[in-house]
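**Q** no sequence on hand, only this structure:
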């Protein structure tokens, strides 16, 4: 199994496994996460989510899993736009999901959207369980990318769809240079100010930089068994949207 550069990047230390540290990190930053997420993306993340969900609309999926659901923003948007019978948000961080649970309760969506603690590299669901799987801004945090993709492939029904949104590094001038300054100075300093976790928002740009993007990620998805793999760069390459079929 291939090992990718981002799998070696961890938030805190070298001694503990990545999954353990990512869980700890998201539990730490959960209270500030939503505010910081929208602030750091200048709220553009909302339009990225809508674009991703629109790709699923023609297929009308009824059983959806939102992997690395965090505080549930993507799950809530997906439910509103797709109205599936079932939507399960999974994550390794209970701290993040607890905020998501409270959010859906306040919106009276707690009967429609549920949350479950799951490590995507060892999902507890049976084969062919979901019509669609979504992952927004979480796939670069997997301890083992190949294993996570294979597990998602396993629990999708034949002809089911996978939608991934992931932050990426712009490749062209002047966005590449502007993003470099933003990721090295603005993200770590704002993250430190709002979340009080000095490491989390240094880890973020480092993990984005190391993550395979575009054609490289397209190849990795095909290797995991997916077909008809497409990708589109959004906002001059700051985010990449992947769409694949089982």
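**A** Received the coordinates, thanks. Note that this is a predicted model, so its numbers are computed, not measured.
**Q** need the helix or strand of this structure with the lowest average pLDDT.
**A** helix 187-195 (a mean of 87; mean pLDDT, DSSP states H and E).
**Q** show me what it is packed against.
**A** With contacts taken as 3 or more C-beta pairs under 8 Å, 6 or more residues apart in numbering; DSSP states H and E, helix 187-195 sits against helix 18-40, helix 200-210. (C-beta placed from N, C-alpha, C; glycine too.)
**Q** take those and lay them out in JSON lines including mean pLDDT and mean neighbour count.
**A** Output for those, formatted as JSON lines (pLDDT from 0 to 100; neighbours: other C-beta atoms under 10 Å):
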{"stretch": "helix 18-40", "mean pLDDT": "92", "mean neighbour count": "18"}
{"stretch": "helix 200-210", "mean pLDDT": "93", "mean neighbour count": "20"}
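**Q** of those helices, which is nearest residue 129?
**A** Comparing the helices and strands packed on helix 187-195 against residue 129 with C-beta to C-beta, the closest turns out to be helix 18-40 (21.8 Å).
**Q** buried residues, the longest strand anywhere in the chain. List them.
**A** Ranked by residue count and defined by DSSP state E, the top strand of the chain is strand 156-167. For strand 156-167, burial by neighbour count (16 or more other C-beta atoms under 10 Å) applies to 156, 160, 161, 162, 163, 164, 165, 166, 167.
**Q** redo those residues as JSON lines? Include pLDDT and distance to residue 109.
**A** Below are the buried residues of strand 156-167 laid out as JSON lines (pLDDT from 0 to 100; distance: C-beta to C-beta, whole Å):
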{"residue": "156", "pLDDT": "98", "distance to residue 109": "24"}
{"residue": "160", "pLDDT": "98", "distance to residue 109": "23"}
{"residue": "161", "pLDDT": "98", "distance to residue 109": "22"}
{"residue": "162", "pLDDT": "98", "distance to residue 109": "23"}
{"residue": "163", "pLDDT": "98", "distance to residue 109": "20"}
{"residue": "164", "pLDDT": "98", "distance to residue 109": "23"}
{"residue": "165", "pLDDT": "98", "distance to residue 109": "21"}
{"residue": "166", "pLDDT": "97", "distance to residue 109": "25"}
{"residue": "167", "pLDDT": "93", "distance to residue 109": "26"}
